[in-house]
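Asker: quick one: sequence plus predicted model below, questions after.
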Amino acid sequence: MPSSLIPHGSPPAYLTFASLAALGLPHATTTRHCPGVASFAEPISAASPVSPFRADAIRTLAAAGLDLRRVGYAKQIHGAEAAQAPAGGGFAGTVDVLVSVEPRTPLAIFTADCLAIILYDREARALAAAHVGWRGMVRGAAQAAVAALGRLGARPERLDAAIAPSIGPCCYEVDEPVTRELARAYPLRWEAWVTPGRPGRVMLDLWTANEALLREAGVEPARVENPRLCTACHPELLYSYRRGNRGRLATLAALP
Ligand SMILES: [Zn+2]
């Protein structure tokens, strides 16, 4: 376990970031050992949204200072739209970036290889959680999260950020349809984010790419915590869609 991540429970039901814990921000990323988190078999429906956390998850994550009876969540579609979570929690819409200025109202992002990024401006008391895979990156999801926080009074240079466990360049092989989109969105730069793979394929480093995109959006690199824990390399702890898992990891944060 990277020293920047703190395991909770044995086996750990959730992980926290040392950096965000030091700031007093309640947050967690669940592991496969956390009960009561909806899987990919239970997708969120925009027509009749139901909280993706059952009673045992609510109980488990209360220990992290998160009241999931007030959780804000979305139907995620690999886009870059942002929405403010409803006051008191609930369904925020079909978006991949959630923002909040409401204390004690957790934001939830679901992943199983994609990045979940938490962004926090302690001074403006503004919080964002973003879902970013390669499609979201092509559409600018990380940058959209910084911009959405800006509309709530946050400033990029004041943001503390954390990147939850997600698929690493060790395991993320992509082919031409993906690299074509990357090249279109980030000409001149995308090649720095890939290394050669098998013929016709490359290994994509979503971590380095999103760190670069956050930096360009004005976030201080030293304030971006990325433990670089790969979901596909750690099947005993995490879920990986690439590895054929259908469970989901939830990354949560709430303003204190
Ligand atoms: Zn890996």
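Answerer: Received the coordinates, thanks.
Asker: going forward, measure contacts and count neighbours with C-alpha atoms only.
Answerer: Will do.
Asker: pLDDT score assigned to the spatially most distant residue from the centre of the chain?
Answerer: Farthest-out residue of the chain from its mean C-alpha position, per C-alpha atoms, centre = their mean: residue 199, at 30.7 Å. In the predicted model, residue 199 carries a pLDDT score of 93.
Asker: do residue 188 as well
Answerer: Note for residue 188: predicted pLDDT of 89.
Asker: and it, which of the three is it?
Answerer: Secondary structure assignment for residue 188 (DSSP: H, G, I helix; E, B strand; the rest coil): coil.
Asker: what's the spacing between it and residue 71?
Answerer: Counting by C-alpha to C-alpha, to the nearest Å, the gap from residue 188 to residue 71 is 40 Å.
Asker: so the two - more neighbours on which side?
Answerer: For the pair residue 188 and residue 71, the greater number of neighbours falls to residue 71 (27 against 9), based on other C-alpha atoms under 10 Å.
Asker: interface residues of the stretch 151-256 of the chain facing the ion?
Answerer: By C-alpha under 5 Å from the ion, the part of the stretch 151-256 of the chain that sits against the ion consists of 168, 170, 171, 230, 232, 233.
Asker: can you list the weak-confidence ranges in this structure?
Answerer: In the predicted model of the chain, no residue satisfies pLDDT under 70.
Asker: can you show me the helices along it?
Answerer: 18-22, 55-62, 134-139, 141-150, 176-185, 206-216 (DSSP state H).
Asker: format those helices as a markdown table; extra columns: mean neighbour count and distance to residue 114.
Answerer: Listed next are the helices of the chain as a markdown table, based on neighbours: other C-alpha atoms under 10 Å; distance: least, C-alpha to C-alpha, whole Å:
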| stretch | mean neighbour count | distance to residue 114 |
| --- | --- | --- |
| helix 18-22 | 15 | 20 |
| helix 55-62 | 17 | 21 |
| helix 134-139 | 21 | 8 |
| helix 141-150 | 24 | 12 |
| helix 176-185 | 14 | 14 |
| helix 206-216 | 19 | 8 |
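Asker: which one of those helices lies nearest to residue 125?
Answerer: Nearest of the helices of the chain to residue 125, taken as C-alpha to C-alpha: helix 141-150 at 9.9 Å.
Asker: quick check: angle from the closest one to helix 206-216?
Answerer: 40 degrees (axes from the mean of the first three to the mean of the last three C-alpha atoms, to 10 degrees).
Asker: which residues touch helix 141-150?
Answerer: Helix 141-150 has contacts (C-alpha atoms under 8 Å, 6 or more residues apart in numbering) with 79-82, 96-99, 117, 119, 126-132, 136, 155-156, 210, 213-214, 217.
Asker: now do stretch 176-191
Answerer: For stretch 176-191, using C-alpha under 8 Å, 6+ apart, the contacting residues are 134, 138, 139, 200, 201, 209.
Asker: picking that back up, okay, the residues of the stretch 151-256 of the chain next to the ion in JSON lines with neighbour count next?
Answerer: Output for those, formatted as JSON lines (neighbours: other C-alpha atoms under 10 Å):
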{"residue": "168", "neighbour count": "23"}
{"residue": "170", "neighbour count": "13"}
{"residue": "171", "neighbour count": "17"}
{"residue": "230", "neighbour count": "21"}
{"residue": "232", "neighbour count": "25"}
{"residue": "233", "neighbour count": "17"}
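Asker: how about JSON lines for these, with distance to residue 35 added?
Answerer: Formatted as JSON lines, those follow (distance: C-alpha to C-alpha, whole Å):
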{"residue": "168", "distance to residue 35": "25"}
{"residue": "170", "distance to residue 35": "28"}
{"residue": "171", "distance to residue 35": "26"}
{"residue": "230", "distance to residue 35": "21"}
{"residue": "232", "distance to residue 35": "20"}
{"residue": "233", "distance to residue 35": "21"}
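Asker: and stretch 181-191, end to end?
Answerer: OK, stretch 181-191 end separation, C-alpha to C-alpha: 12 Å.
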